[in-house]
Every structure is written in C-alpha cells, then in structure tokens.
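A.B. asks: Fold the following.
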Amino acid sequence: EVQLVDSGGGSVQAGGSLRLSCAASGFTSDDYVFGWSRQAPGKQREAVSCFSSRDGRTYLADSVKDRVTISHNNANATVYLQMNKLKPDDTAVYYCAAGEDCRGPIIRSVEVWGQGTLVTVSS
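C.D. replies: Residues are numbered from 1 along each chain as shown. Sure, this is the predicted structure:
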C-alpha cells in the first residue's frame, strides 16, 4: 500500500520559515512525481509545487516561487518543501501528493494524498 505522511507544519510569525516533510512508503516504482497543494479556510485547494525526478524539474506556483524550494532525499524517500518569508496568506493545510506527471505545479492523476499538515502564519 502506497502511503504519504506529511509533517512539519506549525505556527510562525510573518517573515518566518518552515520546512514541511513528506515521507513516502510502499512505492514499488520511482515513476512518480511528487508535490504539494494547500487549502486555506473557505477556499479551494491550490497547487503549490510539483517535482519530477525523471527530468529533475521543479514547478512552483507564482504565489510562492520566490520563497519556496522543493527537494528530495532518495535515501529516506522523503520530499521536502522549504518555505521562507512566510505571509499570513500562506496559512493553510498543506498536502503532499504523488501522481503521474506535472502540469506546471499541478500534479496530474494523483494516486495518493498525505493527511495534511497545518501551517499558520500570524501577522
């Protein structure tokens, strides 16, 4: 059974940083892309980033691209989302996901979602 476990959320003040982690297990193939989406209270889910190990490309949403980096560690099968210069608008539940391909920051054909981790940014 494939599984993703999100962690690393918390409460920070504006301008602060957080690193989210997404631990993957049960994947028998490396033919997946990984990324993050977020959902703020009362809003639709928004794609944040997508990373493809096939070509090493990373795609970031315009709303975060100057403040966020995505990386991965194959040794522990974990994908990270480093978020800097956080703003109150970044407050949301962040979800890791694995899927078929990247369409910009959007993950196509998501196969599995993490349970989500809450990020709260105060002004």
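
A.B. asks: Enumerate every residue touching the most centrally placed residue in the chain.
C.D. replies: Centroid-nearest residue in the chain, with Cα atoms, centre = their mean: residue 36, separated by 2.4 Å. By Cβ atoms under 8 Å, 6 or more residues apart in numbering, the contact set of residue 36 is 20, 22, 48, 49, 70, 81, 94, 95, 96, 97. (Each C-beta comes from the backbone N, C-alpha and C, glycine too.)

A.B. asks: would you list those in TSV and tack on secondary structure, distance to residue 14 and neighbour count?
C.D. replies: What follows is the contacts of residue 36, written out as TSV (DSSP: H, G, I helix; E, B strand; the rest coil; distance: Cβ to Cβ, whole Å; neighbours: other Cβ atoms under 10 Å):
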residue	secondary structure	distance to residue 14	neighbour count
20	strand	18	25
22	strand	24	26
48	strand	18	26
49	strand	21	26
70	strand	22	23
81	strand	18	28
94	strand	17	23
95	strand	22	22
96	strand	24	29
97	strand	27	23
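
A.B. asks: ok, back up a step: just the element for the residue nearest to the centre of the chain, please.
C.D. replies: For residue 36, the enclosing helix or strand under DSSP states H and E is strand 33-39.
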